[in-house]
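Enquirer: No sequence on hand, only this structure:
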């Protein structure tokens, strides 16, 4: 692969990592709101989504 294609793939991975981080923070906010409204099942699902978002971000950042 030439360097131009590698840079394109690296930029896509960067965008995916940033969006997974955004999804993690949004899921944490949704979990807090649903916890205080008393909907505990959606709180659990939002925490699972947050864990997946932060986990994908850490894999993308820490993998070398």
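Expert: On my side now, so go ahead. None of the values given here were measured: they were computed from a predicted structure.
Enquirer: Which other helices and strands does the longest helix seen in the chain contact?
Expert: Identified as the longest helix of the chain according to DSSP state H is helix 3-37. Under the contact definition 3 or more C-beta pairs under 8 Å, 6 or more residues apart in numbering; DSSP states H and E, helix 3-37 sits against helix 40-62. Yep, even glycine has a C-beta here, placed from its N, CA and C like the rest.
Enquirer: Can you pull out the residues in contact with the helix it packs on?
Expert: Outside helix 40-62, the residues within contact range by C-beta atoms under 8 Å, 6 or more residues apart in numbering are 13, 16-17, 20-25, 27-28, 30-31, 34-35.
Enquirer: on that earlier part again, buried residues in the longest helix of the chain?
Expert: Residues 17, 20-21, 23-24, 27-28, 30-31, 34 are the ones in helix 3-37 that count as buried (16 or more other C-beta atoms under 10 Å).
Enquirer: could you give the angle of that helix to helix 40-62?
Expert: Interaxial angle, helix 3-37 versus helix 40-62 (axes from the mean of the first three to the mean of the last three C-alpha atoms, to 10 degrees): 150 degrees.
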